[in-house]
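**Student:** sequence plus the predicted model coming up.
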2 protein chains.
Amino acid sequence: MRILITGAAGMVGRKLTERLVRDGTLRGQKITALALHDIVEPPVPVFDGVAVTAHASDLARQGVAEELAAEKPDVVFHLAGVVSGEAEANFDLGYRVNLDGTRALFDALRLTQNAPRVVYTSSIAVFGAPFPDVIPDEFHPTPLTSYGTQKLMGEALLADYTRRGFFDGIGIRLPTICVRPGKPNKAASGFFSGIIREPLAGLEAILPVPRSVVHTHASPRSAVNFLVHAAEIDGDKVGPRRNLTMPGVAVSVGEQIEALRRIAGAKAVALIREQPDEAVWAIVKNWPTRFEAKRARELGFTAEQSFDEIIRTHIEDERGA
Amino acid sequence: MRILITGAAGMVGRKLTERLVRDGTLRGQKITALALHDIVEPPVPVFDGVAVTAHASDLARQGVAEELAAEKPDVVFHLAGVVSGEAEANFDLGYRVNLDGTRALFDALRLTQNAPRVVYTSSIAVFGAPFPDVIPDEFHPTPLTSYGTQKLMGEALLADYTRRGFFDGIGIRLPTICVRPGKPNKAASGFFSGIIREPLAGLEAILPVPRSVVHTHASPRSAVNFLVHAAEIDGDKVGPRRNLTMPGVAVSVGEQIEALRRIAGAKAVALIREQPDEAVWAIVKNWPTRFEAKRARELGFTAEQSFDEIIRTHIEDERGA
């Protein structure tokens, strides 16, 4: 079992790497090679008896994808991408990395004729307002960001390349990953994690939107579970519609805060400071709220059942038991 | 009013050119320049007082799109494309023309900063089975051909480039255009036109699928009407969802034949020979049948009301009154 991970230096990429090292197997087979790729040098884990290689390069640059594909991976996790805010601020960079990089990788895999399982991280950013109360699997994607557009184009390529037998792709549309570990960042979605992570660490957090905002979340651990399940799932059961909206926990910000209160008490909640931010609100109000994710659930993808569970997962994985 | 038409040598491109020459105006303004582009030299009409230029080149070749955009068209009709069967048979050609060519044109228009209205012909091929009985505007596109994939990717670009203000795009998903003039071709959809056009000319026609097959049609004249309306429509009324499924006449093949009988009699109908073709049936059975096309109708796009009207349009436009 030879594995390639692009975007391996990112938060999800690092957690996926840790998981694979812990498991030692994928699809019931012993992992024998692990190639980690990112634009910056990804951390290289100790992985007994496994050839781990690290690659720092630009996937869209000629020859890079070919070099990675030449290793004939059996499973490719294509996580690499410029995030939403950056793709919006830098038009050329977003299309170069998210579209051209993805296409370069897919074409290199096509030409190598190894037909690996390709797990592609798409995003609920492929959807754009207005939405029904619950977004069904058959709802049309009409992205309102360049990032969402690029992810949608990648999904379309993935499905076509799979249909043609060039590889065997599964696209997973991730909900917002929460609670993200690490420092606060400038992402518009950052507060969803911040209002939990910072109070748990005894620090103040800013809430820039109304408590009534509903959004769908899954933990970083669930994101890794999605990826591993997508690598192992029977492709025939998926059929030609290869891009799946992942399940998650749909809660209001108010419900997030009540979960925090139950787990960490009023003192933690008191660290949340409401400070409305029109710029953040203008972005967040166009985000999808709640998904049916029927197909993904039927195909065995599972997430947390409650926001309490998401917080407990964060405490276990990031703050010690 | 300066106009650019790509794919100007094709059937719809030529009819659109004729219409513009006849009208002399678009969006209430006198046409002053008309650039006709295709991979082969398009026919150049006599157009009093208008600078008509013909360009035969490959849109995906570096510099070609830039040259066309440098003329600063006010309206661009982007019809160019490799058809469904060819894009399926020739993977590289399809992606080169339908995706790279479209992106090259859109990028050239972006960099020229002239922000024209761009009318893009997409297709109901963006949809893939299974379908509900009537496909609503919010149904997700899951193409089952490379052509449909490429059209979907073009739609996504069009919407994003419009959202960013690079140009003002309207994508129109054409139903099957029927009755196509000219000789029978090898397109899987060819029989929909053939079973009408050939008997009207006293020739035999082959019907390769069951009479129960339902499909949506619009005449070539309606296709041109869609294009002109898409050029003239108020973009603000369209909002961010720029790609619209066009209306048409949804009928079974049996109903097509009954319309032919009403207009041309039993002698014409007797020229249709039923000769089931498994290969054609395998393709056609995955095609969408019936569309709601609610948004397009509300925005003033109109097609024929019955298949009788489609046949009469064909007789008027192609066979003399």
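**Tutor:** Yep, that arrived.

**Student:** which element is A:Asp308 on?
**Tutor:** In this assignment (DSSP states H and E), A:Asp308 forms part of helix A:307-318.

**Student:** now that helix: buried residues?
**Tutor:** Using 16 or more other CB atoms under 10 Å in any protein chain shown as the test for burial, helix A:307-318 gives A:Phe307, A:Asp308, A:Ile310, A:Ile311, A:Arg312, A:Thr313, A:His314, A:Ile315, A:Asp317, A:Glu318. C-beta: built from backbone N, CA, C; applies to glycine.

**Student:** same check on stretch A:18-31?
**Tutor:** Buried residues in stretch A:18-31 (16+ other CB under 10 Å): A:Leu20, A:Val21, A:Leu26, A:Ile31.

**Student:** now do the end-to-end distance for that stretch.
**Tutor:** 13 Å (CA to CA, to the nearest Å).

**Student:** now that stretch: mean pLDDT?
**Tutor:** Averaged across stretch A:18-31, pLDDT comes to 98.

**Student:** and the buried residues of helix A:307-318 as CSV, adding pLDDT and distance to chain B?
**Tutor:** What follows is the buried residues of helix A:307-318, written out as CSV (pLDDT from 0 to 100; distance: CB to the nearest CB, whole Å):
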residue, pLDDT, distance to chain B
A:Phe307, 98, 28
A:Asp308, 98, 33
A:Ile310, 98, 28
A:Ile311, 98, 33
A:Arg312, 97, 35
A:Thr313, 97, 31
A:His314, 97, 33
A:Ile315, 97, 37
A:Asp317, 95, 34
A:Glu318, 94, 36
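
**Student:** who are the packing partners of the helix holding A:Asp308?
**Tutor:** Counting contacts by 3 or more CB pairs under 8 Å, 6 or more residues apart in numbering or on different chains; DSSP states H and E, helix A:307-318 is packed against helix A:190-200, strand A:214-218, helix A:220-232, strand A:249-252, helix A:253-269.

**Student:** show the pLDDT at the closest residue to A:Thr162 other than its chain neighbours.
**Tutor:** Distances taken as CB to CB, 6 or more residues apart in numbering or on different chains place A:Gly169 nearest to A:Thr162, at 4.3 Å, with adjacent residues excluded. pLDDT recorded at A:Gly169 is 98.

**Student:** who's in contact with A:Gly169?
**Tutor:** Listed by CB atoms under 8 Å, 6 or more residues apart in numbering or on different chains, the contact set of A:Gly169 reads A:Arg117, A:Val118, A:Val119, A:Tyr120, A:Leu158, A:Ala159, A:Tyr161, A:Thr162, A:Arg242.

**Student:** which members of the buried residues of stretch A:18-31 are the farthest-apart pair?
**Tutor:** Within the buried residues of stretch A:18-31, A:Val21 and A:Leu26 form the most distant pair, 11.2 Å apart (CB to CB).

**Student:** where does the prediction get shaky in the stretch 101-250 of chain A?
**Tutor:** Along the stretch 101-250 of chain A, no part satisfies pLDDT under 70.

**Student:** now the strands for it?
**Tutor:** A:117-123, A:168-174, A:176-177, A:205-207, A:214-218, A:243-245, A:249-252 (DSSP state E, counting those that start in this stretch).

**Student:** ok, how many other residues are close to A:Ala70?
**Tutor:** Applying other CB atoms under 10 Å in any protein chain shown, we find 12 residues neighbouring A:Ala70.

**Student:** would you mind confirming that it is in contact with A:Asn114?
**Tutor:** No: in this structure, A:Ala70 is not within contact of A:Asn114 by CB atoms under 8 Å, at 9.5 Å.

**Student:** any residues touching the helix holding A:Asp308, and which ones?
**Tutor:** Against helix A:307-318 from outside (CB under 8 Å, 6+ apart): A:178-179, A:181, A:196-197, A:200, A:217-222, A:249, A:251, A:255-256, A:259-260, A:262-264, A:304, A:321.

**Student:** show me which of those are buried.
**Tutor:** For the contacts of helix A:307-318, buried by 16+ other CB under 10 Å: A:178-179, A:196-197, A:200, A:217-222, A:249, A:251, A:255-256, A:259-260, A:263-264, A:304.

**Student:** could you measure from the residue lying closest to A:Ser306 once chain neighbours are set aside over to chain B?
**Tutor:** Excluding the flanking residues, the one nearest A:Ser306 by CB to CB, 6+ apart is A:Val249, at 6.2 Å. A:Val249 sits 24 Å away from chain B, going by CB to the nearest CB, to the nearest Å.

**Student:** A:Ser222 now?
**Tutor:** According to CB to the nearest CB, A:Ser222 and chain B sit 24 Å apart.

**Student:** which residues are in contact with that residue?
**Tutor:** Per CB under 8 Å, 6+ apart, neighbours of A:Ser222: A:Gly248, A:Thr302, A:Ala303, A:Glu304, A:Thr313.

**Student:** can you check A:Glu204 too?
**Tutor:** Applying CB under 8 Å, 6+ apart, we find A:Glu204 in contact with A:Glu198, A:Leu271, A:Ile272, A:Arg273.

**Student:** hmm, try it at 7 Å
**Tutor:** Applying CB atoms under 7 Å, 6 or more residues apart in numbering or on different chains to A:Glu204 gives the contacts A:Glu198, A:Leu271, A:Arg273.

**Student:** distance of the first one relative to A:Leu207?
**Tutor:** When you say that, I think you mean A:Glu198. Distance, A:Glu198 to A:Leu207, by CB to CB, to the nearest Å: 11 Å.

**Student:** repeat for the second one
**Tutor:** Going from A:Leu271 to A:Leu207 by CB to CB gives 10 Å.

**Student:** more neighbours: which of the two?
**Tutor:** Shown here are A:Leu271 and A:Leu207; by other CB under 10 Å, A:Leu207 has more neighbours (21 against 17).

**Student:** OK, contacts around that one?
**Tutor:** Here A:Leu207 is in contact with A:Phe191, A:Ile195, A:Val253, A:Ile272, A:Arg273, A:Glu274, A:Gln275 (CB under 7 Å, 6+ apart).

**Student:** beta-bridge partners for the fifth one, please?
**Tutor:** Listed beta-bridge partners, A:Arg273: A:Ile206 (assigned using DSSP bridges).

**Student:** how far out from the middle of the chain is the helix or strand where A:Glu88 lies?
**Tutor:** Taking DSSP H and E as the criterion, A:Glu88 maps to helix A:84-89. Taking the mean of its C-alpha atoms, helix A:84-89 sits 16 Å from the chain's own mean (CA atoms, centre = their mean, to the nearest Å).

**Student:** pull the residues that contact whichever helix or strand comes after that helix.
**Tutor:** The helix or strand immediately downstream of helix A:84-89 is helix A:91-94, counting by DSSP H and E. For helix A:91-94, contacts defined as CB under 7 Å, 6+ apart pick out A:Val82, A:Glu86, A:Ala87, A:Ser146, A:Tyr147, A:Gln150.
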